[in-house]
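> build me a model from this:
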Amino acid sequence: MKKILSILLSISIGSLFIVSAATKIYPMEPFEYQFVDIGLATWKTAPYIARFFIGIEFFLGMLLVFNLFLRKFTIKFAIALLIAFCVYLVYRIILDGNVGNCGCFGEAIKMSPLEGIIKNVVLIISCIALYFITEKDFWKPIFKKIITPIMFIGSMCLGFFIYPIDTVFSSTLDKTSINYRVPLELMYSETQQYKPSIDLTKGKHIIAFLSLSCPHCKIAAQKMNVMHKKNPSINFYFALNGDEEKLKDFLEETNTKDIPHHLFLGPENWLKVAGISLPVIMYIDNSIVAKKTNGIEIDQNDIETWLKK
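The predicted structure follows:
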């Protein structure tokens, strides 16, 4: 009975680790941005580090499911990893409050940082219980020597094969169409219920045109939020379009309440200003579009260099 309970508990915990790793794969960008946010990676190294962590989490889940090296290594490593996740989530709560998605299950199952901590604490308790009821490994040494390297290599390659680095984010954005005057005055027209609180027609601004219902726009907003935290002098502005009731959720999910924004109502004026490709992020100098980019290719160094010119 004790052995059966140990196997079932190990499989359950392992399955949760596997699901956690799998749900982070697509989209992976929000998970990548977390490493930049806390200073563990740069924008260039974050994609590799994120895939490394996903591989480790998946490999750990497989070890638990197959009941391999439980008392000797697997359970101890699982507890250490869960404690590290808890420390990170506590740091997020201290820094930003209990807002946004903790990222425990990617964008598939959204949980607050506090909910993520509670989930991790429950898992730590389960791992401790598993440690005390687990008996010796029942697999033969030859099996463990063969299956373990295969699982490790497969796990570490998982993120790179399923979601390769430099995946094209937006293929419809025409980046060559620049050096034209964008009719920003339409944002201030009498037909607009909400208007920008600053004058976007003068000076340099990074204006992001985002839809409240577009998942790619949310990812782009999360990336710009990290950039804004790293360098608050970057004058981002969000021109948002969509149903007003979705605005609060969008800002909370992307944690971008501090970035100036307004809700752009009406498709006719929106198309004249933003175009049809979303998300589109424009470098605008006195109403002239100097450059366009999307949520994946937006580059903090490039923005900072352009603003200093």
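> assign L210 to helix, strand or coil.
strand (DSSP: H, G, I helix; E, B strand; the rest coil).
> what about the nearest residue to it once chain neighbours are set aside, which SS state?
Computed as C-beta to C-beta, 6 or more residues apart in numbering, the closest residue to L210 that is not its neighbour in sequence is C217, at 3.8 Å. For the C-beta atoms, the positions are set from N, CA and C on the backbone; glycine is no exception. Assigned with three-state DSSP, C217 falls in the helix class.
> which ones are touching C217?
210-211, 278-279, 295 (C-beta atoms under 8 Å, 6 or more residues apart in numbering).
> identify the farthest-apart pair in those.
The widest separation within these, taken as C-beta to C-beta, falls between S211 and G295 and amounts to 11.8 Å.
> next, N301: secondary structure please.
Following three-state DSSP, N301 is assigned to helix.
> mind checking pLDDT for it?
Among the per-residue scores, N301 shows a pLDDT of 95.
> and for T167?
In this model, T167 is scored at 51, pLDDT.
> strands of the chain, start to end?
Under the criterion DSSP state E, the chain contains strands at 204-211, 236-241, 261-263, 280-285, 288-293.
> show residues contacting the fourth one.
In this case it means strand 280-285. The contact list for strand 280-285 (C-beta under 8 Å, 6+ apart) reads 173, 182, 184, 200, 203-209, 220, 224, 274, 289-295, 298, 303, 306.
> out of these, which are buried?
Buried residues within those, counting neighbours by 16 or more other C-beta atoms under 10 Å: 173, 182, 184, 200, 205-209, 220, 224, 274, 289, 291-295, 298, 303.
> longest single helix anywhere in the protein?
As assigned by DSSP state H, the longest helix anywhere in the chain is helix 2-25.
> avg pLDDT for it?
Averaged over helix 2-25, pLDDT sits at 93.
> give me the residues contacting that helix.
For helix 2-25, using C-beta under 8 Å, 6+ apart, the contacting residues are 31, 50, 54-55, 57-58, 60-67, 70, 78, 103-109, 123, 126-127, 129-130, 133-135, 158-159, 162-163.
> filter these down to the ones in helices?
Using DSSP H, 31, 50, 54-55, 57-58, 60-65, 78, 123, 126-127, 129-130, 133, 158-159, 162 are the members of these that sit in helices.
> just the buried residues out of the residues you listed, in ChimeraX syntax.
Here is the ChimeraX command that picks out the buried ones among the ones in helices among the contacts of helix 2-25, judged by 16+ other C-beta under 10 Å:
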select :31,50,54,55,57,58,60,61,62,63,64,65,78,123,126,127,130,158,159
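> got the angle for the lowest-mean-pLDDT helix or strand in the chain vs strand 280-285?
Across the helices and strands of the chain, mean pLDDT, DSSP states H and E gives its lowest value to helix 267-274, namely a mean of 84. Going by axes from the mean of the first three to the mean of the last three C-alpha atoms, to 10 degrees, helix 267-274 is angled at 60 degrees with respect to strand 280-285.
> now helix 267-274 - C-alpha only, PDB.
The C-alpha coordinates for helix 267-274 follow below in PDB (Å, rounded to 0.1, in the frame of the first residue of the first chain):
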ATOM      1  CA  PRO A 267     -12.200  51.700 -36.300                       C
ATOM      2  CA  GLU A 268     -12.200  54.400 -39.000                       C
ATOM      3  CA  ASN A 269      -9.700  56.800 -37.300                       C
ATOM      4  CA  TRP A 270      -7.800  53.800 -35.900                       C
ATOM      5  CA  LEU A 271      -7.000  52.500 -39.300                       C
ATOM      6  CA  LYS A 272      -5.800  55.900 -40.600                       C
ATOM      7  CA  VAL A 273      -3.400  56.200 -37.700                       C
ATOM      8  CA  ALA A 274      -2.300  52.600 -36.900                       C
END
